[in-house]
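S.K.: Quick one, structure for this:
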Amino acid sequence: MACMLTRITSTASAVRVVCPSLDYRWTQVRYRKTINTRSKKHISIVKAKLLAVTKWKAPRDSRTTLAEKCGLNLERMQQTILQENPLRDLMAQEAQTVLETSGMVAVLHSSDMTGPDRRVFCAKLKESDITVRFWSNTVAGLAVQNTPYSTLTTLMVGKNLYAHSLKPQVTQLLKVLKVTPQVNLIGGLVDGLLMSKSDMEHYAQLPSMEQCLGEVVSILSAEAGQTSQLLLSPLQQLSSHLQQISITEASHHTQ
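M.R.: So this is what the prediction gives:
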């Protein structure tokens, strides 16, 4: 039995091979050679209107930018009227007492600090007799208002900490801040003088007060020794001259 192989080139050929009796019912209409898939078909006017009406519109972002926030904060600080708060007044009075009795008050900025890190930081400073206080900018502003320390208001921005001590412990403070990257030094008061971060770093490089006093005493003692030597040298010369005169007169009398 001979096997016939027919090449199927179209749908009509497939129908003709599989079912020859349906060949008369199949009609193929060819409109174009290829289908155009690149250019989009224009939609109707009704559909375009429907899409335009039902198009989703994003809500307006009500959040303000950082520049607008800074401007708003300044306006609010100038316009707001502080209400009476006895606790805040008491804390401001305590802060003012600390400023007046402390030899050093450093303003620190805390970026991201957890509770355990804060406790370790305060414990390290406590070893050098440095106390850390957590005052809000409002309390600190009331504490320095109408005082010689009013220049500190320029540093009261953001989340701040305040480290104070009876004596200027700037060197010990910088050592602790060097191993605590979450806290940055902004500035502060040292012996009643407002200092920036660089000024406090230069102050820490200065010798101690005892060393400076020793150098001053040595310089003064050296100057006093030179003064006494200068005062005694004419007397020594006079005595030597008198001795020479007495010796010459004695030699003349013997002759």
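
S.K.: who touches residue 84 in this structure?
M.R.: Contact partners of residue 84, counting by CB atoms under 8 Å, 6 or more residues apart in numbering, are absent. Using the backbone N, CA and C atoms, a C-beta is placed for each residue, glycine as well.

S.K.: Let's verify it: helix, strand, or coil?
M.R.: Three-state secondary structure (criterion: DSSP: H, G, I helix; E, B strand; the rest coil) places residue 84 in coil.

S.K.: Let me know the pLDDT of it.
M.R.: The model reports residue 84 with a pLDDT of 75.

S.K.: repeat for the one 4 residues further on
M.R.: Residue 88 is assigned a predicted lDDT (pLDDT) of 84.

S.K.: wait, isn't it in contact with residue 138?
M.R.: Yes. Assessed by CB atoms under 8 Å, residue 88 is found in contact with residue 138 at 6.8 Å.

S.K.: so which strand or helix has residue 97?
M.R.: Applying DSSP states H and E as the criterion places residue 97 in helix 86-101.

S.K.: Please identify the buried residues of that helix?
M.R.: 91-92, 95-96, 98-99 (16 or more other CB atoms under 10 Å).

S.K.: Residue 61 belongs to a strand, doesn't it?
M.R.: No. Looking at residue 61 with three-state DSSP, it is coil, so not inside a strand.

S.K.: Without its sequence neighbours, what residue ends up closest to the residue nearest the centre of the chain?
M.R.: Most central residue of the chain, judged by C-alpha distance to the mean C-alpha position with CA atoms, centre = their mean, is residue 184 at 5.5 Å. With sequence-adjacent residues excluded and distances taken as CB to CB, 6 or more residues apart in numbering, residue 184 is closest to residue 109, at 4.8 Å.

S.K.: again with residue 180
M.R.: Once its chain neighbours are removed from consideration, residue 180 has its nearest residue in residue 121; the separation is 5.4 Å (CB to CB, 6+ apart).

S.K.: Do I have it right that that neighbour meets residue 183?
M.R.: Yes. Assessed by CB under 8 Å, residue 121 is found in contact with residue 183 at 6.5 Å.

S.K.: shared neighbours of the two, which are they?
M.R.: Residues touching both residue 121 and residue 183 by CB under 8 Å, 6+ apart: residue 113.

S.K.: Looking at the two, which is more packed in?
M.R.: residue 121 (22 against 18; other CB atoms under 10 Å).

S.K.: List the contacts of that one.
M.R.: Under the criterion of CB under 8 Å, 6+ apart, the contact list for residue 121 reads 113, 132, 176, 180, 182-183.

S.K.: how about the helices in the stretch 101-250 of the chain?
M.R.: Assigned by DSSP state H, counting those that start in this stretch, the stretch 101-250 of the chain shows helices spanning 115-126, 137-143, 170-178, 197-204, 209-254.

S.K.: Tell me which of the ones you listed sits most buried.
M.R.: Ranked by mean neighbour count, the helices of the stretch 101-250 of the chain are led by helix 137-143 with a mean of 20 (mean count of other CB atoms under 10 Å).
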